[in-house]
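Q: My questions are about this predicted structure, shown below with the sequence.
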Amino acid sequence: MEKLFKLKENNTNVKTEIAAGVTTFMTMAYILAINPSILSDAGINAHAVLIATCLASIIGCFMMGFRANLPFALSAGMGLNAFLAYTVVGIMGVAWQTALLAVFVEGLIFVLLSLTSVREAIFNAIPLTLKNAVSVGIGLFIAFIGLQNAGLSVDASTLVTIVEFKTDFHTTGICAALALVGLFVTAILYIKEVRGSILLGIVITWILGMFCQLVGLYIPDPDNGAYSLFPEAIISFDFSHLSQTFGQCFTHGLSGVGIVNFISIIFAFLFVDMFDTIGTLIGVSAKAGMLDENGRLPAIRPALMADAVATTCGAILGTSTTTTFVESSAGVAIGGRTGLTAITTGCLFALAMLFSPLFTAIPSFATAPALMMVGFLMFEGIKEIKFTKEATTDTVPAYLCIIAMPLFYSISEGIAIGCISFVLIKLFCGQKKEITILMYILAVLFACKYVFL
């Protein structure tokens with residue numbers, strides 16, 4: 001252990017590292033309930049998604065642990081899974097197999113970029129305000145999805161409105177009410193700093209739902225999509241479901257999507273994943289005191305490689321982009337400092353595969369509060385955007401980026417509008433020196449997308 005992870009050098013020990021790994025897993029295990037729920041909306045088998053998510057997480061965590069020796073865990077990224085399911089497949093009509101192919105290509109590009117300093121250079125070229133805006137916008141987008149999955153936000157003459165609880169009370173009405181209760185429970189647990197608060201919120205909401213079914217408040221109606229809330233099984237050693245997604249990213253090619261559209265999808269994945277990963281690495285490393293005197297993470301290159309390889313493997317297995325989780329900060333907070341923390345988390349993901357029937361049986365109203373809380377956590381980035389008169393040329397594009405994502409129901413549209421407006425506003429306000437070459441290129445590419453697609 002000492003030879004592999006340099007425990008003494010990092011002022012830690014095996015017991016602390018394992019405890020940190022368990023803590024990190026508890027805070028991010030909600031992804032095992034949410035990711036199958038989201039990607040199943042794109043037509044992907046939920047059981048296969050869960051197994052693929054676990055395997056991709058294991059690959060990422062083990063690479064992070066053994067190659068980078070860092071206490072960061074990886075799994076399917078929130079926001080990126082929603083982008084694949086609701087924008088690429090839902091709005092653009094792309095087959096989920098082709099969407100996974102885009103994730104695979106993105107991973108390959110990141111592997112190449114991670115061998116050089118290009119990835120860091122691209123990250124540095126994008127203005128900080130716009131980076132924060134992307135995170136905030138994705139948070140709102142995810143929260144909006146949570147409201148819809150809970151049945152709280154429904155169609156109306158005003159486009160959206162709150163559900164009428166009395167209508168179909170014993171099915172959709174009670175589920176929406178339970179989601180609200182679950183949201184408050186999750187928020188209270190989080191505020192009280194209970195470990196695994198989001199996962200506990202999911203479990204408590206689900207248990208409340210099962211109780212409501214027992215007393216007759218919730219009445220299953222399979223013909224209308226209201227199924228029994230009790231799982232048919234808890235543990236399974238049958239991993240055959242993976243055959244429905246393994247290698248499927250290579251089966252459809254670019255059928256149903258033009259090459260230009262395909263490139264734009266890849267770029268959207270690249271953009272979000274790049275900022276999400278590097279931002280998380282730097283942010284959590286700063287909290288752990290791992291940055292050097294220049295504010296850099298010495299092992300960032302192998303850490304980025306772990307992220308890239310896990311994404312590539314995840315696409316082949318059948319899940320959306322794999323990225324470093326900010327929840328890793330929970331393990332760091334209790335002393336995790338080496339790769340042994342990440343290895344421990346990876347081992348727990350391996351164990352979680354046995355409980356696939358349990359995770360995939362969790363109803364959407366129980367995972368909805370978790371989505372809304374994750375949206376809140378991502379929305380915290382709003383405080384990093386300085387709304388001053390002097391910074392208006394930065395904050396207006398950030399504002400447009402943020403509101404575009406939930407209102408246009410698309411992460412890529414928010415990124416596009418943010419980039420285009422940033423360049424135009426800076427250019428016409430006499431601040432062209434603040435526009436990097438990359439930003440000019442991005443703005444032109446996005447503008448061409450609207451003109452020619």
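A: Received it, and whenever you're ready, just let me know what you need.
Q: now residue 323, what's its secondary structure?
A: For residue 323, the secondary-structure state derived from DSSP: H, G, I helix; E, B strand; the rest coil is strand.
Q: How about it, nearest residue that isn't a chain neighbour?
A: residue 77 (3.7 Å; C-beta to C-beta, 6 or more residues apart in numbering). Where C-beta positions appear, they are placed from N, C-alpha and C, glycine not excepted.
Q: Quick one: neighbours of the one you found, just the number.
A: A count of neighbours around residue 77, defined by other C-beta atoms under 10 Å, yields 28.
Q: Run a quick check on it versus residue 326, I expect a contact.
A: No: at 10.1 Å, residue 77 and residue 326 do not qualify as touching, with contact defined as C-beta atoms under 8 Å.
Q: how about the helices in the stretch 101-250 of the chain?
A: 118-125, 128-149, 174-191, 197-215 (DSSP state H, counting those that start in this stretch).
Q: okay, the ones you listed in CSV with mean neighbour count next?
A: CSV is the format used below for the helices of the stretch 101-250 of the chain (neighbours: other C-beta atoms under 10 Å):
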stretch, mean neighbour count
helix 118-125, 15
helix 128-149, 24
helix 174-191, 20
helix 197-215, 19
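Q: right, and those helices - which one's nearest residue 163?
A: helix 174-191 (4.9 Å; C-beta to C-beta).
Q: Make sure I have this right: residue 75 is in a strand.
A: Yes: counting by three-state DSSP, residue 75 is found in a strand.
Q: List the residues that contact it.
A: Going by C-beta atoms under 8 Å, 6 or more residues apart in numbering, residue 75 touches 28, 31, 35, 53, 56-57, 60, 322-323, 325, 349.
Q: nearest to residue 355, of the residues you listed?
A: Using C-beta to C-beta, the contacts of residue 75 come closest to residue 355 at residue 349, 11.0 Å.
Q: residue closest to the middle of the protein?
A: Residue closest to the average C-alpha location in the chain (C-alpha atoms, centre = their mean): residue 78, at 1.3 Å.
Q: Could you find the closest non-adjacent residue to it?
A: Using C-beta to C-beta, 6+ apart, the closest residue to residue 78 is residue 374 (5.5 Å).
Q: same thing with residue 20?
A: With sequence-adjacent residues excluded and distances taken as C-beta to C-beta, 6+ apart, residue 20 is closest to residue 336, at 2.8 Å.
Q: ok, residue 52 - contacts?
A: Counting by C-beta under 8 Å, 6+ apart, residue 52 has contacts 242, 245-246, 314, 317-319.
Q: Which pLDDT value goes with it?
A: pLDDT, residue 52: 97.
Q: what about it, distance to residue 106?
A: As judged by C-beta to C-beta, to the nearest Å, residue 52 and residue 106 stand 16 Å apart.
Q: now residue 377
A: 24 Å.
Q: These two: which has the busier surroundings?
A: residue 106 (26 against 16).
Q: Just confirm that one contacts residue 271, I think it does.
A: No: with contact defined as C-beta under 8 Å, residue 106 does not count as touching residue 271 (9.8 Å).
Q: close enough to count as contact, residue 31 and residue 54?
A: No: look at residue 31 against residue 54 with C-beta under 8 Å: they stay out of range, at 9.8 Å.
Q: where along this protein do the strands fall?
A: Along the chain, counting by DSSP state E, strands occupy 74-76, 153-156, 159-162, 322-324.
Q: Quick check: neighbours of the last one in the sheet, parallel or antiparallel?
A: Looking back up the chat, that one is strand 322-324. strand 74-76 (antiparallel) (DSSP bridges).
Q: Check the spacing between the closest residue to residue 75 other than its chain neighbours and residue 246 real quick.
A: Spatial nearest neighbour of residue 75, excluding adjacent residues (C-beta to C-beta, 6+ apart): residue 57 at 4.2 Å. To residue 246, residue 57 is 16 Å away according to C-beta to C-beta.
Q: who's more crowded, these two?
A: Taking other C-beta under 10 Å, residue 57 and residue 246 do not tie; residue 57 has more neighbours (31 against 15).
Q: check contacts around the residue nearest to the centre of the chain.
A: Residue 78 neighbours (C-beta under 8 Å, 6+ apart): 31, 34, 138, 142, 371, 374, 378.
Q: Could you pull up the contacting residues of the second one?
A: If I follow you right, that is residue 34. 78, 81, 367, 370-371 are the contacts of residue 34 under C-beta under 8 Å, 6+ apart.
Q: Quick one, which of the residues you listed are buried?
A: 78, 81, 367, 370-371 (16 or more other C-beta atoms under 10 Å).
Q: Lowest average confidence across helices and strands of the chain, where is it?
A: helix 118-125 (a mean of 67; mean pLDDT, DSSP states H and E).
Q: still on that earlier bit, just the closest of the buried ones among the contacts of residue 34 to residue 41, please.
A: Of the buried ones among the contacts of residue 34, the one sitting nearest to residue 41 (C-beta to C-beta) turns out to be residue 81, at 9.8 Å.
Q: give me phi/psi at residue 228?
A: As for residue 228, its main-chain torsions (degrees, to the nearest 10) stand at phi -60, psi 140.
Q: So what's the residue count around it?
A: Residue 228: 13 neighbours (other C-beta under 10 Å).
Q: Distance-wise, check it relative to residue 214.
A: Taken as C-beta to C-beta, the span from residue 228 to residue 214 is 11 Å.
Q: Over to residue 159?
A: From residue 159 over to residue 214 (counting by C-beta to C-beta), the distance is 37 Å.
Q: Count the residues that sit near the closest residue to residue 176 other than its chain neighbours.
A: Computed as C-beta to C-beta, 6+ apart, the closest residue to residue 176 that is not its neighbour in sequence is residue 151, at 4.2 Å. Burial of residue 151 is recorded as 22 neighbouring residues (other C-beta under 10 Å).
Q: For residue 151, give its distance to residue 190.
A: 23 Å.
Q: try residue 219
A: For residue 219, the distance to residue 190 - C-beta to C-beta - is 32 Å.
Q: go on, residue 224?
A: 33 Å.
Q: what do you get for residue 132?
A: From residue 132 over to residue 190 the distance is 21 Å, taken as C-beta to C-beta.
Q: same question, residue 16
A: The value you get for residue 16 to residue 190, if C-beta to C-beta is used, is 24 Å.
Q: Could you do residue 65 as well?
A: 27 Å.
Q: Can you pull out the residues in contact with stretch 154-172?
A: Taking C-beta under 8 Å, 6+ apart as the rule, stretch 154-172 contacts 151-153, 173, 176-177, 216-219, 221, 224, 226.
Q: List the buried residues in it.
A: By 16+ other C-beta under 10 Å, the buried positions in stretch 154-172 come out as 163, 165, 168-172.
Q: how far does stretch 248-259 stretch from start to finish?
A: With C-alpha to C-alpha, to the nearest Å as the measure, stretch 248-259 spans 19 Å from end to end.
Q: where are the low-confidence patches of the protein?
A: Applying pLDDT under 70 to the chain picks out residues 119-125, 275, 279, 282-283, 286-288, 293-296, 453.
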